[in-house]
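> Predicted coordinates and the sequence they were generated for:
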Amino acid sequence: MYDGWKILVGLIIGVILLAYPFWPDAEKWAAKTPEPELTAKAQEAKVCVEPKSYIRTQHMKLLDQWRDSVVRDGIRQYENSTGKVYDISLQNTCIECHSNKTKFCDQCHTYAGVDPFCWDCHIEPEENM
Amino acid sequence: MNFVLSIVVSFSAFVVLVLIPLVGVWALDLRTLFGTVIPYTALLIFFLGLIVRVIGWSRSPVPFRIPTTAGQQKSLPWIKQSKIDNPSTTLGVLVRMIFEVLTFRSLFRNTRMEYREGPRIGYEWEKWLWLFALAFHYSFLVVVIRHLRFFTEPIPAFVTLVEQLDGFFQVGSAPFSGFMLPGAMLSGLLLLGAVSLLLLRRLWVAQVRYISLPADYFPLFLILGIAFTGVLMRYLLKVDVIRVKELTLGLASFQPKNPEGIGVLFYIHLFLVSVLLVYFPFSKLVHFAGIFLSPTRNLSNNSRMVRHVNPWDYPVKVHTYEAYEDEFREKMIEAGLPVEKMPERPLEQEAETLQQGEKD
Amino acid sequence: MADVPKPEELAKIDHSLSPWQGWMNAPTEIREGIACYGVAPKNTRIVDFPNPREWSPFDEDWKLPENWKEIVLDGLRERIDRFRSLKIFMDICVRCGACADKCHFFIGSGDPKNMPVLRAELLRSVYRKEFTTAGKIMGMFAGARELTYDVLKEWWSYFFQCTECRRCSVFCPYGIDTAEITIIARELLNLLGLNIDWIGAPVANCYRTGNHLGIQPHAYKDMIDFFVDEIEEVTGVKVEPSFNRKGAEILFITPSGDVFADPGTYTCMGYLILFHYLQSLGLDITWSTYASEGGNFGYFTSHEMAKRLNAKMYAEAKRLGVKWILGGECGHMWRVINQYMDTFNGPADFLEEPVSPITGTKFENAKSTRMVHITEFTADLIKHGKLKLDPSRNDNLVVTFHDSCNPARGMGLIEEPRYIIRNVCNHFFEMPENTIREQTFCCGSGSGLNAGEDMELRMRGGLARANAVKYVHERHGVNMLACVCAIDRAVFPDLMQYWVPEVGVTGVHELVGNALILDGEKERTTDLRNEPLPGVEIEEEE
């Protein structure tokens, strides 16, 4: 007994399943890497609360620290790496510039498959672009 | 080769493997090599190796039906058959295999022999191996499924769902601000834990330590390294995940891209995964395919009901009844046993001669 | 048994393995008490096996052909191409260690190479060296090593310290079966004439005379006639077995050990009594002197030799023109019948699907091989109320049941013998659950290792079984160990004598023979062993 056909069918199914990430998919092939869009105000400001490269990778940590410092410690001021002081406020500091949630926050978050819980508590900004 | 040498050898190999991408990307900036060429080569070797392996196995036949029967056979209708552990039908085999592959049923039987004074031999509860193995394999699976977010666009619902389930504790803020972000995933930590426990067990249990080869430590270090760099990237050092996905999606859609600004940590992670892929088909890790072909598990115990055919069966030399009777005919006749061929002389005469012989 | 250390000494077993020495260069000692004697050239010649010569495993020189290494490696290559089992088992072991303490030889010896995983690694290491790229390049770092003379001796030593019981295979997450590996390793050793005489001689005997003990036809009949007299003495009834009778409905084949050695002989009397009882109900059965062996020591040398010996069963059934075959109580015999016979020597299209002539039950599970186990047959009779039984005749016995390895793990014959025992005995107790059914422990002397010269090995190998018997002996007063295997019956008396002296050994059909009430029998005062029945002595005194 060889059961060659059974093995072949099993192998083909197995390989196809394992190759799932490489399945042909026009939508995937056409996908563009999103680039956060800056509002006019943001562009004007030129800098964020910290350097851009830091913000790109670490913004979630910063926001989490901000939340804890306000909610738990009552500290509402943030001094950045260059000594400049900001109000700790998602609404007033972040959204002030980045009022375009869809184009600034969401498209990258969706792309990377992350689902931040900012808006569990905060009210989503009304977009006026 | 004792266990110390085994560990030194396998750990050294692992360290070299970490250093290669570190030097290659950090110092020499060989991003195309480490981001495109090596991953593709590794994938190719993985798939070809796996196919060659399985086809190689399939070319050797299963001459005999040799399931390990771990329960009551199908016999008289009023005796309850153990349909899973001693299956007599294809359905039974299917269920047995599903339990074996998904729940490690055989490993669940494990006991630990306790040799006490007397002697009194005991067989004690020992499910740790089963538990660690199960935790390891399932967390690995979940981690792999979660990683599909890097290879799909849009991300399919099942990936998101697995991720939500995996992160349902939402320990976003503990224990330090900004540490477990974005959202701690159980599977990654479980994977790290389970691999560590399997490694510790290998060192702790004398018998397992004794039988372990470098080839047993090496994959543990490798997977530990992969999980550790992954956890590091996710929770501590952070890499630019959008650019990571740009690279991985490039791989997945065969339009390789090698964006700037991804930390070297990612390349170490990717390189170790590539090594794992290459190592897979040529090592014990191939058990994940081999289990399906194991003749003691995937056959039904029906060889008295249905004839099993051996493709290389050949005629053998046997001692025929004729040859047997030729040798013992006279003695058989004397003892009153029936024979096929009567001797030339009539039986009475034969018997008389024999009796006379005895008297002499 | 003179050279065997005392039980108290033998029981001092150290299972803590030295962490500082790797196994690959740990030397192998071939010593008296553990190793069996080498096969004698005359036995090798009878079956045309290679390299017949006088040799001893205790000598330095084993008188191998010059190209022995080539022979072994070619043999291994051939078998890798023939057995998917071997190929898979060589490739996928992860050395998780689940099997390590499941082997009765490891439990009884503490010798690390008796851990099933390591026993397989002995072969696997050479496989890696010769057949895998990693092994060729990385050598011992990939767990590979050269096949040297010492490695060959190590193989010989440890593949003749495995009884092919398959207990490890039950616990292995991939079902890796050391029995399969041992069977194939022994085939390789046989290519060089490296067998043991306790296997070689029975094989030669069986080939020529039809049974392992070399009993010639007239002597076979004499033995049975002797049992007929014994039975008449005990029961007052004369049973009349027939031999080599053409036209009988059923051919009966049992291991020759039942005909020749106590306590198997009492089991044989049990069969005779049962068949006589059934005669008036329509049983038409014959014995054979040509196919007078149920067991198959060929199976302990090679698949080919197993097939050569097994061929006699169908050949004789065909010659006599019977409808189907009934098989006696035996261990590996039943693994061969259940998993190999039809493939070896079938299809048995000259036979009919077995039907019990007494109850009309169709043995559906044997419809192709057409051979039925006697406990299946008897259990069916009892279930249909066809047997008049007086279990109180076994009241002096407190019985436990030993599942023989092969019927348990190569067939699944578990409930049938138990059902019979419960109907013919009043006192039955199970041993602890980790030591019975599919987890049963080997007698320690299976697969041809039941020689005299390896008594220490046998006592070590049987320790786990004996210890479980001791447990029920102390707890429930068990004094009789029942089994359905001729090797068990041959080796357990020694083992019990050594570890649990107050326990006897019996076959299931001896118990049946005692309990079965024959028509016209006299009042029985003794059992088949001529020992007084319970209560009888006291009555006589009054």
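Right, received. Where do you want to start? Numbers count the residues shown, from 1 in each chain, chains lettered A, B, ... in the order given.
> Please count neighbours and contacts with C-alpha atoms only from this point.
Will do.
> Give me the residue ranges of chain C where confidence is low.
Applying pLDDT under 70 to chain C flags the ranges C:1-2, C:537-542.
> Now do stretch C:166-182: distance to the chain's middle.
Relative to the centre of its chain, stretch C:166-182 is centred 17 Å away, using CA atoms, centre = their mean, to the nearest Å.
> my bad, stretch C:241-249
That offset, for stretch C:241-249, works out to 27 Å (CA atoms, centre = their mean).
> Ok, stretch B:321-329 next?
On CA atoms, centre = their mean, the centre of stretch B:321-329 falls 52 Å from that of its chain.
> touching chain A at all, the top helix by length along chain B?
If you go by DSSP state H, chain B has its longest helix at helix B:38-59. Yes: using CA under 8 Å from any CA of the partner chain, we find that helix B:38-59 touches chain A at B:47, B:51, B:54-55, B:58-59.
> what's the model's confidence in that helix, averaged?
Mean per-residue pLDDT for helix B:38-59: 97.
> same question, stretch B:21-28
93.
> For it, which outside residues touch it?
Stretch B:21-28 is contacted by residues B:30-31, B:34, B:264-265, B:267-268, B:271 when judged by CA atoms under 8 Å, 6 or more residues apart in numbering or on different chains.
> which of those residues sit farthest apart?
Largest separation among the contacts of stretch B:21-28 by CA to CA: B:30 and B:265, giving 14.0 Å.
> who has more neighbours, these two?
Set residue B:30 next to residue B:265 and count neighbours by other CA atoms under 10 Å in any protein chain shown: residue B:265 wins out with 21 against 14.
> show me the contacts for that one.
B:22, B:229, B:233, B:239.
> try 10 Å this time
B:18, B:21-22, B:25-26, B:229-230, B:232-233, B:237-239, B:271 (CA atoms under 10 Å, 6 or more residues apart in numbering or on different chains).
> do you know how far residue C:98 is from residue C:533?
47 Å (CA to CA, to the nearest Å).
> between those two, which one's more packed in?
Neighbour count, other CA under 10 Å: between residue C:98 and residue C:533, residue C:98 has more, with 27 against 19.
> Can you classify that one as helix, strand or coil?
coil (DSSP: H, G, I helix; E, B strand; the rest coil).
> What does it show for phi and psi?
phi -60, psi -30 (degrees, to the nearest 10).
> Surely it and residue B:133 touch.
No: if you go by CA atoms under 10 Å, residue C:98 and residue B:133 don't touch, sitting 11.6 Å apart.
> Flag the shaky bits of chain A, pLDDT-wise.
Ranges of chain A meeting pLDDT under 70: A:127-129.
> Tell me which helix or strand residue C:281 sits in.
According to DSSP states H and E, residue C:281 maps onto no helix or strand at all.
> Quick check: which element contains whichever residue of chain A sits closest to chain B?
Chain A approaches chain B most closely through residue A:61 (4.0 Å), counting by CA to the nearest CA. Remark: residue A:61 resides in helix A:52-71, with elements defined by DSSP H and E.
> List the residues that contact residue C:508.
Contacts for residue C:508 (CA under 10 Å, 6+ apart) come out as C:266-267, C:270-271, C:329, C:374-375, C:401, C:417-418, C:420-421, C:424, C:481-485.
> For the residue nearest the centre of chain A, which residues are in contact?
For chain A, residue A:109 is the residue whose C-alpha lies nearest the centre (CA atoms, centre = their mean; 3.5 Å). By CA under 10 Å, 6+ apart, the residues touching residue A:109 are A:34, A:102, A:115-116, B:241-242.
> Likewise for residue C:325?
C:249-253, C:285-286, C:313-314, C:317, C:351-354, C:369-374.
> Could you give me the buried positions within the helix holding residue A:61?
A:56, A:58-69 (16 or more other CA atoms under 10 Å in any protein chain shown).
> could you flag which of the residues of helix B:38-59 next to chain A are buried?
Here, 16+ other CA under 10 Å leaves B:47, B:51, B:54, B:58-59 buried among those.
> And the residues you listed, which is closest to residue A:5?
For these, the nearest to residue A:5 is residue B:58 (9.5 Å; CA to CA).
> Against residue C:208, how distant is residue B:324?
Taken as CA to CA, the span from residue B:324 to residue C:208 is 7 Å.
> any residues in contact with both of those two?
C:216, C:290.
> The two: which is more packed in?
With neighbours defined as other CA under 10 Å, residue B:324 and residue C:208 compare such that residue C:208 has more, 24 against 18.
> Tell me the secondary structure at that one.
Residue C:208 is classified as helix under three-state DSSP.
> got the contact list for it?
Contacts of residue C:208 by CA under 10 Å, 6+ apart are B:318-321, B:323-324, B:327, C:46-47, C:202, C:214-216, C:290, C:309.
> does residue C:534 sit in a helix, a strand or a coil?
coil.
> Report how many residues lie close to it.
When neighbours are defined as other CA under 10 Å, residue C:534 has 17 of them.
> Hmm, residue A:47 and residue A:84 touching each other?
No: at 11.5 Å, residue A:84 does not count as touching residue A:47 under the criterion of CA under 10 Å.
> what about the longest helix of chain B, near chain C?
Yes: using CA under 10 Å from any CA of the partner chain, helix B:38-59 reaches chain C at B:53-54, B:56-59.
> so which of the residues you listed comes closest to chain A?
Taking the residues of helix B:38-59 next to chain C together and measuring to chain A by CA to the nearest CA, the closest member is residue B:58, at 6.3 Å.
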